[in-house]
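Student: sequence and predicted structure below; questions after.
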Protein chains: 2
Amino acid sequence: MNITEIKSYMQSVGHEARAASRLVAKAETAVKNRALIAMAEAISRDEQKLLIANAHDLDIAKTKGLEAALVDRLKLSAKGISSMAEGLLQIAALADPVGEISGLNYRPSGIQIGKMRVPLGVIGIIYEARPNVTADAAGLCLKAGNAAILRGGTEAIHSNQAIAACVREGLRAAGLPETAVQVIETTDRMAVGELITMQDYVDVIVPRGGKGLIERISNEARVPVIKHLDGVCHVYIDDQADFDKAVKIADNAKTQRYGTCNTMETLLVHSNIAGKVLPVLGEIYLDKEVEMRGDDAARAIISQMNPATEEDWSTEYLAPILSIRIVANLDQAIDHINRYGSQHTDAIVTENYSRARRFLREVDSSSVMVNTTTRFADGFEYGLGAEIGISTDKIHARGPVGLEGLTSQKYIVLGDGQIRQ
Amino acid sequence: MNITEIKSYMQSVGHEARAASRLVAKAETAVKNRALIAMAEAISRDEQKLLIANAHDLDIAKTKGLEAALVDRLKLSAKGISSMAEGLLQIAALADPVGEISGLNYRPSGIQIGKMRVPLGVIGIIYEARPNVTADAAGLCLKAGNAAILRGGTEAIHSNQAIAACVREGLRAAGLPETAVQVIETTDRMAVGELITMQDYVDVIVPRGGKGLIERISNEARVPVIKHLDGVCHVYIDDQADFDKAVKIADNAKTQRYGTCNTMETLLVHSNIAGKVLPVLGEIYLDKEVEMRGDDAARAIISQMNPATEEDWSTEYLAPILSIRIVANLDQAIDHINRYGSQHTDAIVTENYSRARRFLREVDSSSVMVNTTTRFADGFEYGLGAEIGISTDKIHARGPVGLEGLTSQKYIVLGDGQIRQ
């Protein structure tokens, strides 16, 4: 397609999405759930078809010489397919957020004011070559009463189209318009440029992927973006920490998984407890082959530690590397986190009530924790059922974004003939 | 100042605001209230100074030949000054939103998850020549724990500087940094261009003013914008409406004030009741010199009605003009509102339960009302205490925006050593 054709194709996708969003917004809960269950059934039934489409994508990826990590994310297994179906059934089981009324109270004028939760309208989702996102995003958007326009990574186009066929089948089975979830058919990058600037047709963009992709989209979008940039997460071990909890948490936050955004990248330790806790942690990290980079005080305790540079403090390694700093007190810890962190997830380990209370209030991150691991920061663990991403923004949605983040609230006013004087 | 000087001045304002925002965010409620009360006292005490500064602005405005409506908004009276002080005292009396924890529940893993309300950081407010906005915006931003950068209309610069001096005095009296509320000292338009693109220093922009100003700012901003565009508000009189309520509401919604965004601009009437209700309403409107513009069916009932054009249905008159359309049923009314309205405020008059319920769910506006007047759509009437504006966006804040709209929520997680398996 040339640029004119892409523009016209995208405008038509947007127009269809807007029309479908009106019907999905007023669809009854049971109808949306029926669609979600039918999607799950189609995905389970089509396991072989999906594997064949995915094999096709994998062949092309190998021919192109894509790096192993990307191929790994692209690959769909039978287990992955059954997880996708299971995810859709879980979304069907979640409470419907649409129409929920809260805070309906009387005012002195006699009118009642409350808020009703409503869909956002049309959600555009731009993601890399992870086919499972197609099903997850379709399910979450539908349950929240929105139409979705999905733009997955080029490398996953055949897998995504096969999943999209199952999604459409589910919509059809429930009597909903198939255009409620549209997967963009062209892999041309210009289609993304159109998607993020169609203010009349798209209400919010959720980009999922690398930092470069997200920054580019944020800069060029004319539509609001719910975005997730870095996860430079901290654990601060206070000198009034319980020793066992501190070791368990600092181990788990770094080593349970290395490549996730909620993994600890910097460990801060109070100078009074560093001599006691760091040698034990150092053993664990060395044993698990985690490279440590520390300031002078930390290196004086653990000799097998490289010096940390200024850049280390703001780096998201996504790898078995950890920076370590000794701090004199809670203030230094909070200052370090607010200065170098990415406002994602930060934890304190302490038994001191007042310090825990201050840390919760003063650390300006989307998730702030006491005596637990940063690895808990995700939609499933928080009870959102599923997540469309983790927002590091402050506007609209912060932290893991589930169904609620895909909705808004309008005011409702109930009167009995009252007028304004 | 030349462009380089303005850039450097604005960067310095932004830098100071960011630093101040950290202190204001953790300021105790009593300290913020003390500042608000001291601001109010300074404003009351300086009544004469403010009147003199305002007279200076008015002189210049008259020399420049500014239009009467603008001069009217610019003018500060002794009563206006006392309202400003009263407004600050009211904000002091509101509950502090910052730090409020909600929904703190246990998860199966044993951790507790909840949300804590937190300030947004630095709010930039761009407004026209209404000096009272300077005090209102300063008060709301401070109470919500934010620093503010205010950029008022050029014509009000002396009035704004005089009010700003009172605001600074209040901050100082409470031991808060004076830079927590900064009024931009240059009237150069380039300063606005800087303000709305300083992503590192400004978290959200609230433009207040005409549609042209707001559209320009929204298009050029690189910082999120909470905006209010048109108020094309509707009242729909259903055929099962109570006759007296219908007349009272349709009268009040149009004629109580003409120039406000929540004034009704289009009246929709069910064809079964039009013959009964329109003649009575027509008398009222004629009596109050409201120009009526209707479709053919409405004009067949009221002869003194001009024909409405397609453009009328989407026009915000802000004047004693009303467009009137006869509809066949509720669906036509909802379709008309969702198509031509501006998603601001719309009301149905009906005694029919099912139609009221459908109208509330299906009309996609920031305020949806039953049996009351659109004129109630404002922060004071809704019990927000005050408002920084009315948002016609769906993202972050919708409808009247008070203290809550100037905050965000972060997740807090309380554990007892739990780690992720």
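Tutor: Perfect, I can see it now.

Student: I figured A:Gly294 hits A:Met305, correct?
Tutor: Yes - at 4.5 Å, A:Gly294 counts as touching A:Met305 under the criterion of Cβ atoms under 8 Å. Using the backbone N, CA and C atoms, a C-beta is placed for each residue, glycine as well.

Student: what sits in contact with each of those two?
Tutor: Common neighbours of A:Gly294 and A:Met305, using Cβ atoms under 8 Å, 6 or more residues apart in numbering or on different chains, are A:Ile324.

Student: how many residues are close by A:Ala30?
Tutor: 10 (other Cβ atoms under 10 Å in any protein chain shown).

Student: er, A:Asn132 I mean
Tutor: A:Asn132 has 18 neighbouring residues, counting by other Cβ under 10 Å.

Student: other SSEs contacting the helix or strand harbouring A:Val413?
Tutor: Using DSSP states H and E, A:Val413 falls within strand A:407-418. Other helices and strands packing on strand A:407-418, by 3 or more Cβ pairs under 8 Å, 6 or more residues apart in numbering or on different chains; DSSP states H and E, are strand A:101-106, strand A:112-119, helix B:243-255, strand B:367-372, strand B:399-401.

Student: who does the first one pair up with?
Tutor: When pairs are called by DSSP bridges, strand A:101-106 turns out to pair with strand A:112-119 (antiparallel).

Student: now the next helix or strand after the strand it pairs with: mean pLDDT?
Tutor: Using DSSP H and E, the helix or strand that directly follows strand A:112-119 along the chain is strand A:122-127. Strand A:122-127 carries an average pLDDT of 96.

Student: please apply the same query to stretch A:411-421.
Tutor: On average, stretch A:411-421 scores 96.

Student: and among the helices and strands packed on strand A:407-418, the most buried is which?
Tutor: strand B:399-401 (a mean of 28; mean count of other Cβ atoms under 10 Å in any protein chain shown).

Student: ok now that one, how far from the chain's centre?
Tutor: Offset of strand B:399-401 from its chain centre (Cα atoms, centre = their mean, to the nearest Å): 6 Å.

Student: ok, stretch A:56-76 next?
Tutor: With Cα atoms, centre = their mean, you get 23 Å for stretch A:56-76.

Student: show me the helices in the stretch 151-300 of chain A, by range?
Tutor: Under the criterion DSSP state H, counting those that start in this stretch, the stretch 151-300 of chain A contains helices at A:157-173, A:190-195, A:211-220, A:243-255, A:271-287, A:296-301.

Student: which of the three states applies to A:Glu387?
Tutor: coil (DSSP: H, G, I helix; E, B strand; the rest coil).

Student: right, and it touches A:Pro400 too?
Tutor: Yes - the pair A:Glu387 and A:Pro400 qualifies as a contact (Cβ under 8 Å) at a distance of 4.6 Å.

Student: quick check: neighbours shared by these two?
Tutor: By Cβ under 8 Å, 6+ apart, the residues touching both A:Glu387 and A:Pro400 are A:Asp378, A:Gly379.

Student: nearest to chain B, of the helices of the stretch 151-300 of chain A?
Tutor: Across the helices of the stretch 151-300 of chain A, chain B has its closest neighbour in helix A:243-255 (3.7 Å, Cβ to the nearest Cβ).

Student: close to chain B, is that closest one?
Tutor: Yes - judged by Cβ under 8 Å from any Cβ of the partner chain, helix A:243-255 and chain B are in contact via A:Asp244, A:Lys245, A:Lys248, A:Ile249, A:Asp251, A:Asn252.

Student: mind putting these into TSV with pLDDT and distance to B:Leu58?
Tutor: Formatted as TSV, the residues of helix A:243-255 next to chain B follow (pLDDT from 0 to 100; distance: Cβ to Cβ, whole Å):
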residue	pLDDT	distance to B:Leu58
A:Asp244	98	71
A:Lys245	98	66
A:Lys248	98	69
A:Ile249	98	64
A:Asp251	98	69
A:Asn252	98	67
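
Student: is it fair to say A:Gln343 lies in a strand?
Tutor: No - using three-state DSSP, the assignment for A:Gln343 is coil, not a strand.

Student: elements contacting the helix ranked longest in chain A?
Tutor: Criterion DSSP state H: the longest helix present in chain A is helix A:3-25. The contact analysis (3+ Cβ pairs under 8 Å, 6+ apart) places helix A:3-25 against strand A:112-119, strand A:122-127, strand A:147-151, strand A:181-183, helix A:190-195.

Student: elements contacting the shortest one?
Tutor: Read that as strand A:181-183. Applying 3+ Cβ pairs under 8 Å, 6+ apart, one finds that strand A:181-183 contacts helix A:3-25, helix A:132-143, strand A:147-151, helix A:157-173.
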